[in-house]
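Next comes the sequence, and after it the predicted model I'd like to discuss.
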Amino acid sequence: MKISKSIPGTWFFIMAISSLFIGLLFGALGGLQYVLPGFLKEALSFQKIRPLHVYLVINWIFCAAAGAVYYYIPYVSGRKLYSTLLAKLHILIQLIILIWVVTGFFMGRFGGREYLEFPPYIVVLIIVAWILFMINFFVTVRPSFKEVPVYIWSWSTGLLFFLITICEAQLWLLPHFNNNIIRDITVQWKAMGSMVGSWNMLVYGSAMFVMEKITGDKGINRSKKAFFFYFLGLTNLLFNWGHHTYIVPSSELVRTISYTISMTELLILANIIYSFRKTYFKTNPHKHFLSFRIVTYAEAWILLNLVLSISISVPAINFYTHGTHITVAHAMGTTIGINTLLLLSSLVLIAEEMIGDGKLFTPYFNRSFIFLNISLLVFWLSLVGMGICKIIAVHEKNSFTEMMARLYPYFQVFSISGIFVFLGLLLVLMPVFKTFLKLGLAKQSSDPS
Ligand code: HEM
């Protein structure tokens, strides 16, 4: 059975890719400011560029995940989407938030905490939009949790926990929290850590669906291993904040649990993808080969990030790496290498379901995808190199000027490879973007949802 066209899903994809392209532009400009400190300083300082970049790329993850869920739920439930009106309202509010936040940042209007730097009143709109999304999801799927595949659990958990954590992330507004620095930092990082867990649930759920769809093996998402992975993810979502709060005197037990869980989660995901690849070759060697290939690359990125995550989670190492670009390598390595690639596999799968399997698998796409991955590897290594170099400079008690001179070659590699990552994503996503744009602008008569 084929996946049917979804207008809300299509427009979420269009918004997601547009958001990513603009976010990447700011990322590339921010990268240039590493090597040209005076560049755009007056009009667009790094203090503005960084939040613009981070907000837009995270918006890409949420919108692409929402688009995938809108596409998948009528297919998995066998029902029409509960309410197209609610979905349209969801898109409209999401668009208003996007424009409001971006213009606000341009005008220097901040007011929130790191990663959610927009004024807190915008959160009200985010919550309203999310509730509309949740109503559509739960009423359409009407999950009977005894028998549903693991991705329904993942999406349900992701939806619920985003709602909880976006509220939790505003607790600093209350005097009980902002009057006590330890409580304040702990709650802030706990909320942000769990929010990452909630988007991982949405992204991993869609990746699990992709694996089932292209192998035709329903067992993948009903296996004990898949549910074990889900429960690890859930525990990670609840406890992973332990490794964000080194500076806070929190319980040693919570930290140990959180490190173990987050590492095991990635390992199991890599193992699930490995089994999926074996099944793919056995069952259906040619179906949706492009999505299969993207998931395979994501597996390599999972393993690479796992090595880095395990290293920086060792307290003795984290003591040095904390606050260096190794943390940025971890954040961008996982959000690009894992989240973005897994979402891309969904977008490609859906686009090819709409226009014909194999239609996007052109030599152009292939070359662009390899170019993207090589650039990303250099980009990621330059950030790790920057972090190591800074640690050595601090250890050798270098002056600030000496340290900057030492870091400069890494800055250069970072900014050039960053531009290449930007180009790589642009080249890879352009055919997908055009496909969804055509679908979005086509007459809506064929839209079943
Ligand atoms: C899908 C693509 C991307 C995603 C999802 C992404 C995500 C992120 C995230 C989550 C952060 C915050 C890191 C932290 O707080 O530790 C960040 C920071 C940053 N990113 Fe990206 N990024 C992407 C692509 C790029 C590209 C292509 C460039 C180009 C150079 C870039 C440049 C930067 C810069 C300059 C920062 C600020 C680092 C700092 O604070 O010194 N990003 N990005």
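Looks like it came in fine. Residues are numbered from 1 along each chain as shown.

How many residues are close by G108?
Per other C-beta atoms under 10 Å, the neighbour tally for G108 reads 9. Yep, even glycine has a C-beta here, placed from its N, CA and C like the rest.

Find the nearest non-adjacent residue to the residue in the chain positioned nearest to the ligand, please.
Proximity of the chain to the ligand (C-beta to the nearest ligand atom) peaks at G418, 2.2 Å away. Excluding its sequence neighbours, the residue lying closest to G418 (C-beta to C-beta, 6 or more residues apart in numbering) is G31, at 3.8 Å.

residues touching the one you found, list them.
By C-beta atoms under 8 Å, 6 or more residues apart in numbering, the residues touching G31 are F414, S415, G418, I419.

Remind me what the helix or strand that contains the residue of the chain closest to the ligand packs against, helices and strands.
Assigned by DSSP states H and E, G418 falls within helix 400-441. Helix 400-441 sits against helix 7-35, helix 341-355, helix 363-395, with contacts defined as 3 or more C-beta pairs under 8 Å, 6 or more residues apart in numbering; DSSP states H and E.

for the ones you listed, which one sits closest to L56?
When those are ranked by proximity to L56, the top entry is helix 7-35, at 2.9 Å, counting by C-beta to C-beta.

Let me know how buried T103 is, in neighbour terms.
Using other C-beta under 10 Å, T103 is surrounded by 10 other residues.

pLDDT value on it, please?
Confidence at T103, expressed as pLDDT, is 95.

May I ask which helix or strand encompasses Y280?
Following DSSP H and E, one finds Y280 within helix 252-283.

Tell me how far that helix lies from the chain's centre.
Between the mean C-alpha location of helix 252-283 and the chain-wide mean there is a distance of 17 Å, by C-alpha atoms, centre = their mean, to the nearest Å.

Can you mark which positions in the helix or strand just after it are buried?
Toward the C-terminus, helix 252-283 is succeeded by helix 289-313 as the next helix or strand (DSSP H and E). Neighbour counts over helix 289-313 (16 or more other C-beta atoms under 10 Å) mark 289-299, 301-306, 308-309, 312-313 as buried.

Equivalent analysis for stretch 140-155, please.
Quick answer for stretch 140-155 (16+ other C-beta under 10 Å): T140, V141, P143, V148, P149, V150, Y151, I152, W153, S154, W155.

and the end-to-end length of it?
From its first residue to its last, stretch 140-155 covers 13 Å (C-alpha to C-alpha, to the nearest Å).

and whichever helix or strand L202 is part of, what does it pack onto?
Per DSSP H and E: L202 is located in helix 181-215. In terms of contacts (3+ C-beta pairs under 8 Å, 6+ apart), helix 181-215 is packed against helix 46-77, helix 150-168, helix 175-178, helix 224-239, helix 252-283, helix 289-313, helix 341-355.

Just want the angle from the fourth one to helix 181-215.
Here helix 224-239 runs at an angle of 160 degrees relative to helix 181-215 (axes from the mean of the first three to the mean of the last three C-alpha atoms, to 10 degrees).

Now do helix 224-239, average pLDDT.
On average, helix 224-239 scores 86.

how far does stretch 281-294 sit from the chain's center?
On the basis of C-alpha atoms, centre = their mean, stretch 281-294 sits 24 Å off its chain's mean C-alpha point.

for stretch 27-42, same thing?
Its chain's average C-alpha position is 24 Å from that of stretch 27-42, according to C-alpha atoms, centre = their mean.

which residues sit in contact with M211?
Neighbouring residues of M211 by C-beta under 8 Å, 6+ apart: D217, I220, N221, I272, I273, F276, V295.

Next one: the nearest residue to M263 once chain neighbours are set aside, what pLDDT does it get?
Ranked by C-beta to C-beta, 6+ apart and with sequence neighbours excluded, the top spatial neighbour of M263 is I310, at 5.4 Å. Looking at I310, its pLDDT stands at 79.

Is it correct that I310 is in contact with T264?
No. Under the criterion of C-beta atoms under 8 Å, I310 makes no contact with T264, lying 10.5 Å away.

picking that back up, and which of the buried residues of stretch 140-155 is nearest W130?
Of all these, W130 sits closest to W155, with 13.0 Å by C-beta to C-beta.

show me the contacts for the closest residue to that closest one other than its chain neighbours.
Leaving aside its chain neighbours, W155 sits nearest to G205 (4.5 Å; criterion: C-beta to C-beta, 6+ apart). G205 is in contact with V69, V150, Y151, I152, W153, S154, W155, G158, counting by C-beta under 8 Å, 6+ apart.

Check those and tell me the two furthest apart.
Spatial extent of the contacts of G205 (C-beta to C-beta) is set by the pair V69 and V150 at 14.5 Å.

thinking again about what came up before, wait, what's in contact with the residue of the chain closest to the ligand?
By C-beta under 8 Å, 6+ apart, the residues touching G418 are G27, A28, G31, F379.

make it 10 Å
24, 27-32, 34, 332, 375-376, 378-379, 382-383 (C-beta atoms under 10 Å, 6 or more residues apart in numbering).

can you check T260 too?
Per C-beta under 10 Å, 6+ apart, neighbours of T260: L232, T235, N236, F239, S313.

can you check L81 too?
Residues near L81 by C-beta under 10 Å, 6+ apart: 4, 6-9, 70-71, 73-74, 87, 136-137, 139-140, 447-449.

Which of those residues are buried, as a PyMOL select command?
Applying 16+ other C-beta under 10 Å to the contacts of L81, the buried members can be selected in PyMOL as follows:
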select buried, resi 4+6+7+8+9+70+71+73+74+87+136+137+140+447+449
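
Tell me the residues of the protein that contact the ligand?
24, 27-28, 30-31, 50, 53-54, 57, 327-328, 331-332, 335-336, 340, 415, 418, 421-422 (C-beta under 6 Å from any ligand atom).

Quick one, which of the residues you listed are buried?
If we count by 16+ other C-beta under 10 Å, the residues of the chain next to the ligand have these buried: 24, 27-28, 30-31, 50, 53-54, 57, 327, 332, 335-336, 340, 415, 418, 421-422.

any weak-confidence spans in the stretch 201-350 of the chain?
Filtered on pLDDT under 70, the stretch 201-350 of the chain yields the residue ranges 241-252, 254-255, 258-259, 262, 284-285.

swap the cut-off to 50 and go again
Residues of the stretch 201-350 of the chain meeting the criterion pLDDT under 50: none.

per-residue pLDDT, the residue nearest to H53 when sequence neighbours are not counted?
Distances taken as C-beta to C-beta, 6+ apart place F26 nearest to H53, at 4.0 Å, with adjacent residues excluded. pLDDT, F26: 97.

domains for this protein, by residue range?
According to automatic domain parsing, the chain comprises the domains 1-141, 143-287, 314-449.

Do me a favour and get the end-to-end distance for the first one?
Read that as domain 1-141. 18 Å.
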